[in-house]
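[1] Model the structure of this input:
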Amino acid sequence: MSEEIETARYLRACRDPFWQRVFAAELTYLRRHLRPRDQILSIGCGPATIESGLSELGFAVVGLDVSREALARAPAGIRTVAAPAEKLPFADAAFDVALFIVSLQFVEDYRQALSETVRVLRPGGRILVMLLNPASAFFKGKATAADSYVGKIRHTDLGLLEAAMAANFRVQSEYFLGIAGQRIFASNDPTTAALYVIRGDKKETTEP
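    Numbers count the residues shown, from 1 in each chain. Next comes the predicted model:
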């Protein structure tokens, strides 16, 4: 499937009431963990659907993605940058917060992406990573579909991803967003929560 067709299909899905409810739940979660004056970098933003919601809520956000086709579909007014997560084109200490909204698992070299994230975050900066939960019924259902984006996932070991983050961040994690069919509900049960969220505060250079 071409990148253009895939992006168009994703945007059509975004208009579906089910996915609108998913995005609303994700936005509500993000809003609880962001501060009004945060300078935010969203890595792997695609066509910037969530980022547009954050901007409408008043947050200053830059969206980055390797796909120029996806970024071309981003809403007007959202600042976007085309670049790989492993080589962020920003100065050191440029942002307060970095987000990976269901994107880190699709990055080829996630360790290098995290290293770059550390570099562009200011002292005391934060990271929030939403990961697909491979143990969930939602993931297992999507994984069997021939044309599902889940089939392109590169990293499914959540423990390895969290350990890589813990090298440079003080992390805490939780399961989030129960999905069963078209139903969305609060859940921290690994069998029903579609997402695993890891939040971290950047360590000082002297911390172990």
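[2] what's the one residue sitting closest to the centre of the chain in contact with, if anything?
    The centre of the chain sits closest to residue 101, judged by CA atoms, centre = their mean, with a distance of 1.2 Å. Residues near residue 101 by CB atoms under 8 Å, 6 or more residues apart in numbering: 26, 30, 42, 44, 45, 50, 130. For the C-beta atoms, the positions are set from N, CA and C on the backbone; glycine is no exception.
[3] Let me know the helix or strand that the third one is in.
    What that stands for is residue 42. strand 39-43 (DSSP states H and E).
[4] where exactly do the strands run in this protein?
    With DSSP state E as the definition, the chain shows strands at residue ranges 39-43, 60-65, 79-82, 95-101, 121-132, 169-180, 183-185, 193-202.
[5] So what touches the shortest one?
    It refers to strand 183-185. For strand 183-185, the external contacting residues (CB under 8 Å, 6+ apart) are 18, 21, 22, 25, 177, 178, 179, 192.
[6] got those as TSV, with distance to residue 134, pLDDT and neighbour count columns?
    Below are the contacts of strand 183-185 laid out as TSV (distance: CB to CB, whole Å; pLDDT from 0 to 100; neighbours: other CB atoms under 10 Å):
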residue	distance to residue 134	pLDDT	neighbour count
18	21	90	13
21	22	93	14
22	18	94	18
25	20	96	19
177	14	98	23
178	15	97	21
179	14	96	24
192	13	97	20
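[7] I figured residue 55 hits residue 80, correct?
    No. Assessed by CB atoms under 8 Å, residue 55 is found out of contact with residue 80, at 11.2 Å.
[8] burial measure for residue 108, as a count.
    Per other CB atoms under 10 Å, the neighbour tally for residue 108 reads 12.
[9] ok, how many other residues are close to the nearest residue to it once chain neighbours are set aside?
    Closest residue in space to residue 108, ignoring its immediate chain neighbours: residue 154 at 6.3 Å, by CB to CB, 6 or more residues apart in numbering. The number of residues packed near residue 154 is 11, by other CB under 10 Å.
[10] Kindly report the same for residue 69.
    Counted with other CB under 10 Å, the neighbours of residue 69 add up to 17.
[11] Out of the strands of the chain, the one nearest residue 145 is which?
    Smallest distance to residue 145 across the strands of the chain (CB to CB): 13.6 Å, for strand 121-132.
[12] Pairing partners for that closest one, with directions?
    Looking at strand 121-132 with DSSP bridges, its partner strands are strand 95-101 (parallel), strand 193-202 (antiparallel).
[13] Please indicate which of the ones you listed has the most neighbours on average?
    Neighbour counts (mean count of other CB atoms under 10 Å) averaged over each of the strands paired with strand 121-132 peak at strand 95-101, with a mean of 24.
[14] so how far is that strand off the chain centroid?
    For strand 95-101, the separation from the chain centroid amounts to 8 Å (computed by CA atoms, centre = their mean, to the nearest Å).
[15] One more: stretch 60-67?
    Relative to its parent chain, stretch 60-67 has a centroid offset of 11 Å by CA atoms, centre = their mean.
[16] May I have the predicted confidence score for residue 7?
    As predicted, residue 7 sits at a pLDDT of 64.
[17] brain fart, residue 188
    Per-residue confidence at residue 188 stands at 95 (pLDDT).
[18] what's near enough to touch it?
    Neighbours of residue 188 in contact, by CB under 8 Å, 6+ apart: 174, 175, 176.
[19] Good, wrapping up.
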